[in-house]
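Undergrad: predicted structure and sequence below. I'll ask about it afterward.
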Amino acid sequence: MAYVLGLTGGIASGKSTVADILRSQGAFIIDADQVARQVVAPETLGLQRVISVFGRSYLQADGSLDRKKLGAYVFANKKALEQLNMLLQSLIQAEILQQLQAAQERDERLIVLEIPLLFEYHYEKYCDAVLVVNVPYEVQCERLMQRDDISLAAAQNKIAQQMSAEKRVALADKVIDNTSSLENMKTQVLKYLKNII
Ligand SMILES: CC(C)(COP(=O)(O)OP(=O)(O)OC[C@H]1O[C@@H](n2cnc3c(N)ncnc32)[C@H](O)[C@@H]1O)[C@@H](O)C(=O)NCCC(=O)NCCS
Ligand SMILES: Nc1ncnc2c1ncn2[C@@H]1O[C@H](COP(=O)(O)OP(=O)(O)OP(=O)(O)O)[C@@H](O)[C@H]1O
């Protein structure tokens, strides 16, 4: 039977980087950010829903969603983000659960659910354990500003839209501290993996 490992953490904490390590060890990754893109691809119900609420100005010339523009709006506007969540979370969840079932039927040994909002939407109930990637607030701001080329204020806004790190860490089965080098983080991940499979 597959082991289902939840993987979460604040924005730019290093979830995808940890997922890459797990993938290199044979894990099958279900990536919620990727699913969130899939459900608003051109000609989907998700895109129709988003445009009917937020308007056609969030479409690019080729008919795809202008994610940068929508992100700038919703991450600075709590009500709008809640509205977007209401439109998309059920579609995202249905696709994640379908991918999970398919992976279980394929008899994957280790399935990773990489989900930023894992605890907010209670995906822990599908997991045997949940790994939380954590970094101090200053490091998180710094990495987010660098990766997305955004201002400190924009980075702080995005972080403020998510569950606090303290709360997330309290809910974790295991915390990976990603403050220092990638090498150090990898050592923690591999050690943990040895214990679970
Ligand atoms: C607002 C959108 C269009 C911005 O797109 P963009 O390509 O710039 O960012 P991307 O999707 O890659 O997300 C980057 C990170 O932002 C954070 N984030 C994304 N959505 C949310 C959200 N609803 N609440 C809190 N944080 C979020 C996550 O840490 C995520 O890893 C997009 O994030 C979106 O559609 N979000 C709603 C869907 C969702 O909840 N996605 C998260 C997967 S559960
Ligand atoms: N130990 C580390 N040292 C330095 N940089 C790191 C380290 N781990 C990750 N990074 C960098 O930090 C940034 C954020 O990492 P990553 O994209 O994996 O985070 P994430 O949690 O998946 O983000 P998101 O929530 O937006 O999906 C990336 O630019 C990544 O290369």
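TA: Yep, that arrived. Ligands and ions are numbered 1, 2, ... in the order given.
Undergrad: where do the helices of this protein begin and end?
TA: With DSSP state H as the criterion, the chain has helices at 15-24, 32-38, 45-54, 67-74, 78-105, 137-148, 152-160, 165-171, 182-196.
Undergrad: pLDDT score for the residue lying farthest from the centre of the chain?
TA: Here the centre of the chain is the reference, and by CA atoms, centre = their mean the most remote residue is A61, at 27.4 Å. On the pLDDT scale, A61 is placed at 96.
Undergrad: can you list the helices of the chain in TSV and add mean neighbour count, distance to G6 and mean pLDDT?
TA: Any C-beta I mention is one placed from the backbone N, CA and C, and that applies to glycine too. Output for the helices of the chain, formatted as TSV (neighbours: other CB atoms under 10 Å; distance: least, CB to CB, whole Å; pLDDT from 0 to 100):
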stretch	mean neighbour count	distance to G6	mean pLDDT
helix 15-24	18	11	98
helix 32-38	17	11	98
helix 45-54	16	23	98
helix 67-74	15	24	96
helix 78-105	15	11	98
helix 137-148	16	20	98
helix 152-160	16	20	95
helix 165-171	14	10	98
helix 182-196	14	12	97
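Undergrad: turn the ones you listed into TSV, columns for distance to L113.
TA: Output for these, formatted as TSV (distance: least, CB to CB, whole Å):
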stretch	distance to L113
helix 15-24	10
helix 32-38	7
helix 45-54	20
helix 67-74	22
helix 78-105	7
helix 137-148	21
helix 152-160	22
helix 165-171	14
helix 182-196	14
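Undergrad: which one of those helices lies nearest to H122?
TA: helix 78-105 (9.6 Å; CB to CB).
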